[in-house]
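S.K.: Give me coordinates for this.
(one chain, ligands or ions: 1)
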Amino acid sequence: MEKKKFYITTPIYYSSGNFHLGHCYTTVICDALARFKRMDNYDVFYLTGTDEHGQKVETNAQKVDMSPQDFVDKLYDQIVSLWELLGISYDKFIRTTDDYHVKTVQKIFQKLMDNGDIYKSKYEGMYCTPCESFWSDAQLKDGKCPDCGREVKLMKEESYFFKLSKYQDKLLKLYEDNPDFISPKSRLNEMINNFLKPGLKDLCVSRTSFKWGVPVPFDDKHIIYVWVDALSNYITALGYLSEDPSLFNKYWPADIHMMGKEIVRFHTIIWPALLMALGVEPPKRVYGHGWLLFGGDKMSKSKGNITDPFLLCERYGVDAVRYFLLREVPFGNDGIYTNLAFLNRTNADLANSLGNLVSRTTAMIEQYFDGVLPGPIEKEDVDYELINIANSLYEKLVDCMDNLLIQEALEEIFKLIHRANKYIDETTPWLLAKDPSKKVRLGTVLYNLAESLRIAAMYLSSFLIETPQKIMDCFGEYLPSNFDENNITFGQLRQGIKVKRSSILFPRFNVDKELAEMDKILDDMKKIDDVKIDSTPQISIDDFSKIELKVGKILECEKLQKSKKLLKSKVEIGNEVRTILSGIAQFYDPKDLIGKSVVVVANLAPAKLLGETSEGMILCAEDTKGNVVIVSPEKALESGSIVS
Ligand code: MSP
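M.R.: As a prediction, the model looks like this:
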């Protein structure tokens, strides 16, 4: 039977760097949906990527004296490693600087022009560069961007315009005919009341005041508006208007465009209007989820609230991070991240409920049956409650995932886990074990627990990426790649298989102690940021003579796993070798530093950063643009030489 297709997309991410936990939200949600649909026998295509053009990128690259291409390449590496860390199972990653994308965006623009949907005129109005958004005076909030609250700039440019106003009624009809087109419902009302009812204006779709973008094919003074460029990714990635449109023919229209609520406007007004103008079907569904907030604000660097996903995954494991994102936020609404909420969630659900169930079950099978799975022979009424929950889970999950109720889906799986824990308390296997005549009943209880774990692990594998296989390892089994009649039904583990006692899946944290540790990590991170010296008081020659500067030679150098900024070097200074951490990972590839002569502050008191001791400091110079270079002796000199 031919599989049903399922095309799901995240927005393409801005190349702004410093990705925080909030950024991971859309991608992890889509990943869970994609994994579930694959398991459920859909032919899934999951697209993500990076949004690499625009004035913002051009300006940010200039600030650090880099070419825009080098700048976006670096951020591309960063985001790809983040998705790898989080186990994101995308089928394609598109970059808007990819050649094929650029070519197709030009063809799209040409087609809109040929169809009479684009005309040239003059634009005068306000522009928010961080959001790459045009605003009328009436739309501004206290003179600032209504989306992000930042300053807007007056823009006067000769521009090309897209006839957006022409599509006003067609858009309303699209919403009416497809009640699920925009969800949740609140966002539909927002679009109608705030944008469509006041009347759509034609959209300025080209800029002339910067260069980093796709040139208008028939007028290369103009750069195509970054949102037209960016939105098109959803079809260029499939080969629309290319020599090979087979993916486009197969997967379009998208089944879900997933995104944060702040960009629903672009996806439900500009995007379907552009598609209508191109004669292409609109996507089936646009879902605007809420934000992950940190202390009440949307996390972003400009507002000073960052939670580093690399750091969290390193310390707590990728599954704890994924679980928090998927479980904590009521999908569609905003949710709040705090260190405490994260630890409580991990302790309660993963360490206590799931972890305990796995360790208790496997330990009892080992203890009472020498690690050989007994059979389900002597059933009692209480068993059926557990079995029924397990057997009805598949349909409930399909329903939740179809309705994008991710949090509820996890709750349903945890109902089985909670019920199994309660079943242990009710059946008291430790008492059954004391009575040899209850051995068969004990075997049945343990079988039921093992089987509940198999089913929970199978369903959890759409949400978590390491733990489910670890659970299956206890039974010497692999996770199935698809759901089928057999594996969704209770009773599949074979009697007599070898069962291994599980190691601890999630350690239980002492919350107060761990919170203090987290504060320390944040302090360490701050110390790294504060190493910059802004204003320096004068010092005497005596003060200076207290500093022992020596030539050192870098023998080994590697990135410190726990940090994006730190490199860890082994530095030879005369006849000793020291470990020194330096915040230069953004500027140097560790392998390029091996063998390099450097100047080291040799009598600096050792300091602990992220659990590693640094015994000195490698001197660096930083220019006003933030470029950092290592200070090196002008000629080769043996290590240990005094610098004065
Ligand atoms: N480049 C545009 C999208 C163009 S799509 C044609 C963009 N990029 S973004 O990097 O700013 O956002 C990417 C995704 O991350 C969006 O879905 C956005 O809502 C999401 N998030 C960024 N911060 C977030 C939170 N704090 N919480 C939840 N998601 C948020 O917009």
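S.K.: so how far is stretch 507-524 from its chain's centroid?
M.R.: Put simply, stretch 507-524 sits 23 Å off its chain's centre (C-alpha atoms, centre = their mean, to the nearest Å).
S.K.: Same check on stretch 354-374?
M.R.: Remark: stretch 354-374 is offset 35 Å from the chain centroid, using C-alpha atoms, centre = their mean.
S.K.: what do you get for stretch 552-570?
M.R.: 26 Å.
S.K.: Also stretch 244-254?
M.R.: On C-alpha atoms, centre = their mean, the centre of stretch 244-254 falls 26 Å from the chain's centre.
S.K.: buried residues in that stretch?
M.R.: Within stretch 244-254, the residues that count as buried by 16 or more other C-beta atoms under 10 Å are Leu247, Phe248, Tyr251, Trp252, Ala254. In this view, the C-beta of every residue, glycine as well, is placed from N, C-alpha and C.
S.K.: so who does the residue in the chain positioned nearest to the ligand touch?
M.R.: Residue of the chain nearest the ligand, by C-beta to the nearest ligand atom: Gly260 (1.8 Å). Gly260 makes contact with Pro11, Tyr25, Thr26, Gly288, His289, Gly290, Trp291, according to C-beta atoms under 8 Å, 6 or more residues apart in numbering.
S.K.: Please repeat the previous calculation with a cut-off of 10 Å.
M.R.: Listed by C-beta atoms under 10 Å, 6 or more residues apart in numbering, the contact set of Gly260 reads Thr10, Pro11, Gly22, His23, Tyr25, Thr26, Gly288, His289, Gly290, Trp291, Leu292, Lys298.
S.K.: Tell me which entries of those lie within strands.
M.R.: Thr10, Pro11, Gly288, His289, Leu292, Lys298 (DSSP state E).
S.K.: check which helix or strand covers the closest residue in space to Thr236 that isn't next to it in sequence.
M.R.: Nearest non-adjacent residue to Thr236, counting by C-beta to C-beta, 6 or more residues apart in numbering: Thr104, 4.1 Å away. Applying DSSP states H and E as the criterion places Thr104 in helix 99-114.
S.K.: Please point out which parts of that helix sit buried.
M.R.: Under the neighbour-count criterion of 16+ other C-beta under 10 Å, helix 99-114 has His101, Val102, Thr104, Val105, Gln106, Lys107, Ile108, Phe109, Leu112, Met113 buried.
S.K.: any bit of it sitting next to the ligand?
M.R.: No: under the criterion of C-beta under 6 Å from any ligand atom, the ligand is not reached by helix 99-114; the shortest gap measures 11.7 Å.
S.K.: Tell me how far that helix lies from the chain's centre.
M.R.: On the basis of C-alpha atoms, centre = their mean, helix 99-114 is displaced by 30 Å from the centre of the chain it belongs to.
S.K.: pLDDT below threshold where in the stretch 301-450 of the chain?
M.R.: 301-306 (pLDDT under 70).
S.K.: typo on my end, the chain
M.R.: Applying pLDDT under 70 to the chain flags residues 17, 295-306, 527-538, 562, 624-625.
S.K.: quick revisit: would CSV of the buried residues of stretch 244-254 with secondary structure be doable?
M.R.: CSV is the format used below for these (DSSP: H, G, I helix; E, B strand; the rest coil):
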residue, secondary structure
Leu247, helix
Phe248, helix
Tyr251, helix
Trp252, coil
Ala254, coil
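S.K.: Any chance of a markdown table for these, columns distance to the ligand?
M.R.: Shown next, in a markdown table, are these (distance: C-beta to the nearest ligand atom, whole Å):
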| residue | distance to the ligand |
| --- | --- |
| Leu247 | 18 |
| Phe248 | 17 |
| Tyr251 | 17 |
| Trp252 | 15 |
| Ala254 | 12 |
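S.K.: okay but Pro330 is in contact with Leu405, surely?
M.R.: Yes: the pair Pro330 / Leu405 is scored as a contact, 9.5 Å apart, by C-beta atoms under 10 Å.
S.K.: And those two? Which one has more around it.
M.R.: Each of Pro330 and Leu405 has its neighbours counted (other C-beta atoms under 10 Å); Leu405 has more, 18 against 13.
S.K.: which residues does that one contact?
M.R.: Neighbouring residues of Leu405 by C-beta under 10 Å, 6+ apart: Pro330, Phe331, Gly332, Lys396, Leu397, Asp399, Glu411, Glu412.
S.K.: which of the residues you listed tops the neighbour count?
M.R.: Using other C-beta under 10 Å as the neighbour test, the contacts of Leu405 are led by Leu397, with 23 neighbours.
S.K.: ok, that residue - contacts?
M.R.: Each residue near Leu397 by C-beta under 10 Å, 6+ apart is listed here: 36, 39-40, 405, 408-410, 412-413, 459, 462, 483, 488.
S.K.: would it count as being in a helix?
M.R.: Yes: secondary structure assignment (three-state DSSP) places Leu397 inside a helix.
S.K.: so which of the contacts of Gly260 are also by the ligand?
M.R.: Contacts with the ligand within the contacts of Gly260, counted by C-beta under 6 Å from any ligand atom: Pro11, Gly22, His23, Tyr25, Thr26, Trp291, Leu292, Lys298.
S.K.: Make CSV out of those and add neighbour count.
M.R.: Shown next, in CSV, are these (neighbours: other C-beta atoms under 10 Å):
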residue, neighbour count
Pro11, 22
Gly22, 22
His23, 20
Tyr25, 23
Thr26, 22
Trp291, 19
Leu292, 24
Lys298, 19
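S.K.: out of those, who's nearest Leu340?
M.R.: If you rank those by distance to Leu340 using C-beta to C-beta, Leu292 comes first, at 15.1 Å.
S.K.: Against Arg327, how distant is the residue of the chain closest to the ligand?
M.R.: As judged by C-beta to C-beta, to the nearest Å, Gly260 and Arg327 stand 18 Å apart.
S.K.: same thing with Val398?
M.R.: For Val398, the distance to Arg327 (C-beta to C-beta) stands at 19 Å.
S.K.: swap in Thr59?
M.R.: 38 Å.
S.K.: Show me which of the two is the more surrounded one.
M.R.: Arg327 (20 against 13).
S.K.: Shouldn't Phe342 be within a strand?
M.R.: No: counting by three-state DSSP, one finds Phe342 to be helix, located in no strand.
S.K.: Quickly find the element holding the closest residue to it other than its chain neighbours.
M.R.: Of all residues not flanking Phe342 in the chain, Phe324 sits nearest, at 5.3 Å (C-beta to C-beta, 6+ apart). For Phe324, the element it lies in under DSSP H and E is helix 318-328.
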